[in-house]
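Student: Below are the sequence and a predicted model for it; my questions follow.
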Amino acid sequence: MERTLVLVKPDAIKRGIIGEVITRFERAGLKIISAKMLMPDEDHYHHHYETIGKVATRRGDEVYRKNTEFMMSGPVLALVLEGIEAVSLVRKMVGSTEPKAALPGTIRGDFAHMTIAHANSTGKGLPNIVHASADEKEAKLEIKHWFKPEELYGYKSAHEHLTIATDK
């Protein structure tokens, strides 16, 4: 089973759509093996977005700064999801980083609408509901950064119990 990190961003929390976001992941068969709400400081986000994600390196200091300020504007809900090809499944479910380009039916396509150009014109970060790990390597680094090993819980879901019972 593969694991991935999802951050439910401050805009989703302020809008009261955490449950909608989580429900979509659970309905797709992903299992939540850890969750916690927190309000990280700039050092924590620097490690996440630059040391791991290379945002400033790839997209410039201004994008990094606006994104970090946006993320520090409220709490986030950090989740570790587990499932078959969890990283690619979550990426498909959340949709394009640019909400305008995200297809209907994706989390960003259904719940976000601001464009990158508009966010840039206002000098603010892009409210796009969730962060999702880009690939399996990044997921492992991000999970290690956000969660201690003892905060990750293994258990069998109801679906796994049914599958095991019928396979015999």
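Tutor: Alright, I've got the coordinates. Since we're looking at a predicted model, the values are computed, not measured. Residues are numbered from 1 along each chain as shown.

Student: and the gap between Glu151 and Lys144?
Tutor: Distance from Glu151 to Lys144, counting by CB to CB, to the nearest Å: 11 Å. From N, CA and C alone the C-beta is placed, and that goes for glycine too.

Student: Kindly apply the preceding question to Thr122 instead.
Tutor: Applying CB to CB to Thr122 and Lys144 gives a distance of 34 Å.

Student: Got the phi and psi for Val130?
Tutor: Note on Val130: its backbone torsions stand at phi -140, psi 160 [degrees, to the nearest 10].

Student: ok, now Glu2?
Tutor: Main-chain dihedrals, Glu2, degrees, to the nearest 10: phi -100, psi 150.

Student: Would you mark the buried spots in stretch 15-30?
Tutor: Using 16 or more other CB atoms under 10 Å as the test for burial, stretch 15-30 gives Ile17, Val21, Ile22, Arg24, Phe25, Leu30.

Student: Of those, which belong to helices?
Tutor: In this view, the buried residues of stretch 15-30 that belong to helices under DSSP state H are Val21, Ile22, Arg24, Phe25.

Student: ok, the nearest residue to the first one once chain neighbours are set aside - contacts?
Tutor: With CB to CB, 6 or more residues apart in numbering as the measure, Val8 is the residue that lies nearest to Val21, at 5.5 Å, once sequence neighbours are left out. With contact taken as CB atoms under 8 Å, 6 or more residues apart in numbering, Val8 is in contact with Ile18, Val21, Ile22, Val76, Leu77, Ala78, Leu79, Ile129, Val130.
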